[in-house]
Every structure is written in C-alpha cells, then in structure tokens.
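J.: Dropping the sequence and predicted coords here.
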Amino acid sequence: MAQKFYQFRELCEENLNPNAHPRPTSQDLAGFWDMLQLSIENISMKFDELHQLKANNWKQMDPLDKKERRAPPPVPKKPAKGPAPLIRERSLESSQRQEARKRLMAAKRAASV
C-alpha cells in the first residue's frame, strides 16, 4: 500500500513538471486516486470484520449477521478549485473512463460484502 502512495506522489510530481514525458493528466491522477480509494475501503472493511470477530469472541458469525452489516458511507470528494470545466469539453473517452471506473468501484464494493 505504501508503494501505491509513493507511486501516486511520483505521478503528482510528474504532473507538475512541464518537461515530463509522458506527463500525467489530472484525469490520470483522479483515476489512480479512485483505485487507491478502493483499496483503502477494502482494508477498512477487513478491519471492521476483525473488530466484529473480536466482539464475537473470535467465532465466525452467521451469514445472516453479515448481510445485516451495512457498507460504510462513501467518502465525499473534495470540491475542485477554480472554474468548473464545461461538460461539453469532456471527450467521449473521458466519460467512458469515468463510467467504467464507477462500475468497477461498485463491483468491488458488491464483491466485498
């Protein structure tokens, strides 16, 4: 996990460097951060399961108890600074990437429950 954060830091530094080739875009950084967020949520859910096991005297819970457990609420995103980009400026590929990212996040959340 630490390696992923280090890689994200390097990508941010390359994004700020005008001489970097290829220079990561802000969308690249947002996509990478979304993937990191999924990993963080997965780890958080595993810790929640450990706390529940400890509370249950380290015995596995019934499958019915697991279904009653709710997923953690989604982490709110920070508002973007500066002027908001126009929707029409987004390319079709960008929209498709965002939709694919959302589907992947939903699928991973569903698989971890």
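T.: Received, thanks.
J.: residue closest to the middle of this protein?
T.: Centrality entry for the chain: nearest residue to the mean C-alpha point is residue 37, 2.6 Å, by Cα atoms, centre = their mean.
J.: Quick one: classify the closest residue to it other than its chain neighbours as helix, strand or coil.
T.: Closest residue to residue 37 apart from its sequence neighbours, by Cβ to Cβ, 6 or more residues apart in numbering: residue 75 at 6.7 Å. Backbone N, C-alpha and C define where each C-beta goes, glycine included. Per DSSP: H, G, I helix; E, B strand; the rest coil, the secondary structure class of residue 75 is coil.
J.: Look up the pLDDT of residue 75 for me, please.
T.: Predicted confidence (pLDDT) for residue 75: 80.
J.: What distance do you get for the closest residue to residue 108 other than its chain neighbours to residue 4?
T.: With Cβ to Cβ, 6+ apart as the measure, residue 38 is the residue that lies nearest to residue 108, at 5.3 Å, once sequence neighbours are left out. Separation of residue 38 from residue 4 (Cβ to Cβ, to the nearest Å): 11 Å.
J.: If you count surrounding residues, which of the two has more?
T.: In this view residue 38 and residue 4 are compared by other Cβ atoms under 10 Å, and residue 38 has more residues nearby, 17 against 13.
J.: Name the helix or strand for that one, please.
T.: Take DSSP states H and E as the rule and residue 38 turns out to sit in helix 26-55.
J.: Equivalent analysis for residue 6, please.
T.: When secondary structure is defined using DSSP H and E, the element that contains residue 6 is helix 2-16.
J.: and that helix, C-alpha only, in PDB?
T.: Coordinates of the C-alpha atoms in helix 2-16 are reproduced here as PDB (Å, rounded to 0.1, in the frame of the first residue of the first chain):
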ATOM      1  CA  ALA A   2       2.800   2.400   0.800                       C
ATOM      2  CA  GLN A   3       4.300   1.700  -2.600                       C
ATOM      3  CA  LYS A   4       1.000   2.800  -4.200                       C
ATOM      4  CA  PHE A   5       1.000   6.100  -2.300                       C
ATOM      5  CA  TYR A   6       4.600   6.600  -3.300                       C
ATOM      6  CA  GLN A   7       3.700   5.900  -7.000                       C
ATOM      7  CA  PHE A   8       0.800   8.500  -6.700                       C
ATOM      8  CA  ARG A   9       3.200  11.000  -5.300                       C
ATOM      9  CA  GLU A  10       5.600  10.500  -8.200                       C
ATOM     10  CA  LEU A  11       2.700  10.900 -10.600                       C
ATOM     11  CA  CYS A  12       1.800  14.200  -8.900                       C
ATOM     12  CA  GLU A  13       5.300  15.400  -9.200                       C
ATOM     13  CA  GLU A  14       5.500  14.500 -12.900                       C
ATOM     14  CA  ASN A  15       2.200  16.300 -13.500                       C
ATOM     15  CA  LEU A  16       3.700  19.500 -12.100                       C
END
